[in-house]
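**Q** generate a structure from the sequence data that follows.
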Amino acid sequence: MNPDNYVDVQFAVNKAHLNGRQEAEFEEALFHARTFAKWIKERYMPAESFLDSGCRTGYAMEELGKLFPAARVVGLDIVPEFIEVADLRGEAIVGDMQKLPFEDEEFDWTFSCTSIEHCPDLKSAITEMQRVSKIGFYIHTDLEDEVSCKMNPSHFAHHENPVEWVNEFNTPNWWLVYLNVPRKNRIEMIWLRKHQAKKFLIKE
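**A** Sure, this is the predicted structure:
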């Protein structure tokens, strides 16, 4: 369950960058959207639909739409002010990552960059991401200890050890197929449904 002031805190903490605006000069999520897209394209995997879960103002959502122009791309964020901007870039709705308003396997892929650590109910957020993703999902999140997490009032979930983050997502029906620690305080992962991994990645 979200705290009573959850949305207000998320907006207040996440609206300002070093340039004083809602968006930085270069949003990190753009780089990771491109990394994710390159990974998919190099393996000739289906890419007919994407969910950007925790999309903020929709910059990565818009980038995925450019990289996959034939795909349906939807953005979701819990802060209405962010969605007002994202909606100008494409299909975007107000919603909670911990209770996604979508059907089972509605999207081929889910993309989530530095968002899941903002969820008080991490298990629900992970379960929902797995539920709506037909093929797989991409996660980029923070590596931080308890002290660092408490310094950011918009953060609730944290792990300093990459293995602990992997274990949060690890279930028998999902395989970790890409793991990278681009710097000491970040981790990125791509997970596929087991049968999708066998279909597209394992050569007989």
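
**Q** where does the residue nearest to the spatial centre of the chain land in three-state SS?
**A** Centroid-nearest residue in the chain: residue 112, 0.6 Å away (criterion: C-alpha atoms, centre = their mean). Here residue 112 is recorded as strand under DSSP: H, G, I helix; E, B strand; the rest coil.

**Q** do the same with residue 202
**A** coil.

**Q** all numbers from here: first residue = 27
**A** Noted, 27 is the first residue going forward, which turns the last one into residue 228.

**Q** how confident was the prediction at it?
**A** Looking at residue 228, its pLDDT is 79.

**Q** re the thing from before, how near is the residue nearest to the centre of the chain to residue 203?
**A** 16 Å (C-beta to C-beta, to the nearest Å). Heads up, the C-betas are built off the backbone N, CA and C, glycines and all.

**Q** now do residue 122
**A** For residue 122 relative to residue 203 (C-beta to C-beta), the value is 27 Å.

**Q** compare those two (neighbour count), which wins?
**A** residue 122 (20 against 16; other C-beta atoms under 10 Å).

**Q** for the more buried one, list the residues it contacts.
**A** 28, 104 (C-beta atoms under 8 Å, 6 or more residues apart in numbering).

**Q** now with 7 Å?
**A** Shown in contact with residue 122 (C-beta atoms under 7 Å, 6 or more residues apart in numbering): residue 104.

**Q** after whichever strand or helix holds residue 203 comes which helix or strand?
**A** Using DSSP states H and E, the element containing residue 203 is strand 200-209. Remark: after strand 200-209, the chain's next helix or strand is strand 212-219, criterion DSSP H and E.

**Q** partner strands of that following strand and their direction?
**A** As defined by DSSP bridges, the strand partners of strand 212-219 come to strand 159-168 (antiparallel), strand 200-209 (antiparallel).

**Q** which one of those is the most hemmed in?
**A** strand 159-168 (a mean of 23; mean count of other C-beta atoms under 10 Å).

**Q** I'd say residue 166 and residue 140 touch.
**A** Yes. Applying C-beta atoms under 7 Å as the test, residue 166 and residue 140 come out as touching, 6.0 Å apart.

**Q** any low-confidence regions in the protein?
**A** 42-52, 229-230 (pLDDT under 70).

**Q** angle of the longest helix seen in it against strand 200-209?
**A** Selection of the longest helix in the chain by residue count, based on DSSP state H, yields helix 54-68. Interaxial angle of helix 54-68 relative to strand 200-209 (axes from the mean of the first three to the mean of the last three C-alpha atoms, to 10 degrees): 130 degrees.

**Q** which parts of this structure are strands?
**A** 75-79, 98-103, 117-120, 133-139, 159-168, 200-209, 212-219 (DSSP state E).
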